[in-house]
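Student: Below is the structure, and that's it, no one-letter string:
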Ligand SMILES: [Zn+2]
């Protein structure tokens, strides 16, 4: 394991140290959902890793045209090249900004102007997506706007997971309701448009979701508010969701302390999609697919969404694993979701599904310490479920009090940082006492549940 971890830590060092980073996005955005067009102008703040004449590479949606980039009023040369399509970013181009020799300060503010249309790729899980290998849930159309990291609708720099500030002034047709990250100013009307400002500090993404049909349900509890945005979900269901998610957040807060980046209002947005990829979480915002829930309700399968929602809510705390260490985010989020289901819904065997899936892993499925940050193949089962079973084995060995105290200490020690499996190991290993061997066994064993981890893990 040591050799593997050394390689991982080198990789991490290479990707995180001395990289160019975004610091702030101050953008004016004009959205025209009926035609699918977007026009963006404003400033992007960047901390450069090195100054002098060089190329600054940024990612941007492949269907957009860069109209202008300038620095201190001086237009800069910009070249664009296609970027390789990935599962998470299927439609991206590389925008190369040629910085002049006169740049001496690593803190720069680029003035940018770009726009166009999002490429129409099929939405994941819809009939149109069958047989295709590129999907995109982000869209600007007459029914909804959904914009996040996946479409690269804003100029992106470096890996996902860096934090920055945002101040977005968004114009869209009158009657539309917009949800973003951070806090909104009251909307203003001018002509046929509504303008809303969303400002945020220390966020990792620019998310905008809008619909002409959003209804908002607010649930106020002792230490915060939950707002749920949906267009077609039955109200009693939405209200119960809001109460359950609030209870889960309280449970997590009691266990781990307050999450960095959360405010008094947590927003859950059911994007009015037909299907799409699973939900995602950007504290204090959770985005889920309304169509998937409606289908579940229609078939009588869904009574509570707590499992999935609590997973996304738990990501408010668990999001600091990077690169190969991304499994930690999913493992902790999933285990805390199961913990919420156990405590709030009284489910007796919340890990039954995880145990079934892990028991079917092939003998050569990669161990947690090596599993790539990818849900394809056995990735999902290993990263979400096998990791959960590992945490459950540690909880069983240590007892609830000691286990959750260590989770809290782990969170407090690493929040705001970017860590890999090596840091996870060096935190937990010395604190496990007589159970230390259990950790290596779980981290390093390929395949299903390691053979000698005791009776509980084999349930
Ligand atoms: Zn997750």
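Tutor: Received it, and whenever you're ready, just let me know what you need. Because the structure is predicted, anything quoted here is derived from the model rather than measured.
Student: buried set for stretch 68-81?
Tutor: Counting neighbours by 16 or more other CB atoms under 10 Å, one finds that the buried residues in stretch 68-81 are 69, 71, 76, 78. In short, each C-beta sits where N, CA and C put it, glycine included.
Student: From one end of it to the other, what's the distance?
Tutor: Taking CA to CA, to the nearest Å, the first and last residues of stretch 68-81 lie 16 Å apart.
Student: related to what we said a few turns ago, of the buried residues of stretch 68-81, closest to residue 140?
Tutor: residue 69 (22.4 Å; CB to CB).
Student: Contacts only, for that closest one.
Tutor: Listed by CB atoms under 8 Å, 6 or more residues apart in numbering, the contact partners of residue 69 are 75, 76, 78, 95, 97, 110, 111, 112, 113.
Student: Let's see that with 7 Å instead.
Tutor: Shown in contact with residue 69 (CB atoms under 7 Å, 6 or more residues apart in numbering): 76, 78, 97, 110, 112.
Student: Pull up the residues of the chain that are close to the ion.
Tutor: Counting by CB under 5 Å from the ion, the residues of the chain close to the ion are 330, 333.
Student: Tell me where the model's unsure across the chain.
Tutor: 1-17, 261-262, 452-459 (pLDDT under 70).
Student: now the helices for it?
Tutor: In the chain, the helices defined using DSSP state H lie at 2-16, 235-256, 290-298, 306-314, 326-344, 352-359, 379-380, 387-398, 400-414, 421-428, 436-444.
Student: Quick one: those as JSON lines, columns for mean neighbour count too.
Tutor: Below are the helices of the chain laid out as JSON lines (neighbours: other CB atoms under 10 Å):
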{"stretch": "helix 2-16", "mean neighbour count": "14"}
{"stretch": "helix 235-256", "mean neighbour count": "18"}
{"stretch": "helix 290-298", "mean neighbour count": "17"}
{"stretch": "helix 306-314", "mean neighbour count": "24"}
{"stretch": "helix 326-344", "mean neighbour count": "23"}
{"stretch": "helix 352-359", "mean neighbour count": "16"}
{"stretch": "helix 379-380", "mean neighbour count": "16"}
{"stretch": "helix 387-398", "mean neighbour count": "22"}
{"stretch": "helix 400-414", "mean neighbour count": "15"}
{"stretch": "helix 421-428", "mean neighbour count": "19"}
{"stretch": "helix 436-444", "mean neighbour count": "18"}
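Student: mind giving me TSV with the ones you listed and columns for distance to residue 102?
Tutor: Putting the helices of the chain into TSV (distance: least, CB to CB, whole Å) gives the following:
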stretch	distance to residue 102
helix 2-16	28
helix 235-256	47
helix 290-298	50
helix 306-314	45
helix 326-344	39
helix 352-359	57
helix 379-380	46
helix 387-398	49
helix 400-414	39
helix 421-428	40
helix 436-444	50
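Student: Return the distance of the residue nearest to residue 60 when sequence neighbours are not counted relative to residue 242.
Tutor: Excluding the flanking residues, the one nearest residue 60 by CB to CB, 6 or more residues apart in numbering is residue 95, at 5.0 Å. Distance check for residue 95 against residue 242: by CB to CB, to the nearest Å, it reads 40 Å.
Student: Tell me the one of the contacts of residue 69 nearest the ion?
Tutor: Proximity of the contacts of residue 69 to the ion (CB to the ion) peaks at residue 112, which lies at 31.2 Å.
Student: Okay, the residue nearest to residue 115 when sequence neighbours are not counted and the ion: tell me how far apart.
Tutor: Closest residue to residue 115 apart from its sequence neighbours, by CB to CB, 6+ apart: residue 39 at 3.8 Å. According to CB to the ion, to the nearest Å, residue 39 and the ion sit 33 Å apart.
Student: Which residues does residue 39 form beta bridges with?
Tutor: With DSSP bridges as the criterion, residue 39 is bridged to residue 30, residue 115.
Student: Would you mind listing the residues in contact with the residue nearest to residue 60?
Tutor: 58, 60, 66, 78, 80, 155.
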